[in-house]
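Novice: Here you go, sequence then predicted model.
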Amino acid sequence: MKKVIGKKEYNTETATMLKRFTYGFWGDPTGYEEQLYQTPDGLYFVYVCGGETSPYPTEDIQRLAKTKVSEWLDAH
């Protein structure tokens, strides 16, 4: 998936996945997945997707400040 946020491109195809967190199981309407990525330029983002009643019913990319990466990792 690719998304432009604030004139910066975030692309799961060209970034490196650092960690994946899965809640639930495949087909679970409340289940979801979060994947932390780092771009070649050193930016961070989280790719999210999930079931229809999950916090992420549609796939999306959310940028993540470098100062929040440790906090995200500790939460997962």
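Specialist: Thanks, I have the structure now. Numbering: from 1, shown residues only.
Novice: what about the strands in the chain?
Specialist: Ranges of strands within the chain are 2-5, 8-11, 16-23, 32-38, 44-50, 60-64, based on DSSP state E.
Novice: Just put these in TSV and tack on mean neighbour count, distance to residue 75 and mean pLDDT.
Specialist: To be clear about C-beta, it is placed using only N, CA and C from the backbone, and glycine gets the same treatment. Putting these into TSV (neighbours: other CB atoms under 10 Å; distance: least, CB to CB, whole Å; pLDDT from 0 to 100) gives the following:
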stretch	mean neighbour count	distance to residue 75	mean pLDDT
strand 2-5	12	21	94
strand 8-11	16	20	94
strand 16-23	13	9	96
strand 32-38	19	10	96
strand 44-50	20	11	97
strand 60-64	16	12	96
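Novice: give the contact list for the closest residue to residue 54 other than its chain neighbours.
Specialist: In this structure, residue 54 finds its nearest non-sequential neighbour in residue 32, 4.0 Å apart by CB to CB, 6 or more residues apart in numbering. Each residue near residue 32 by CB atoms under 8 Å, 6 or more residues apart in numbering is listed here: 22-24, 48-51, 54-56.
Novice: Good, we can wrap up now.
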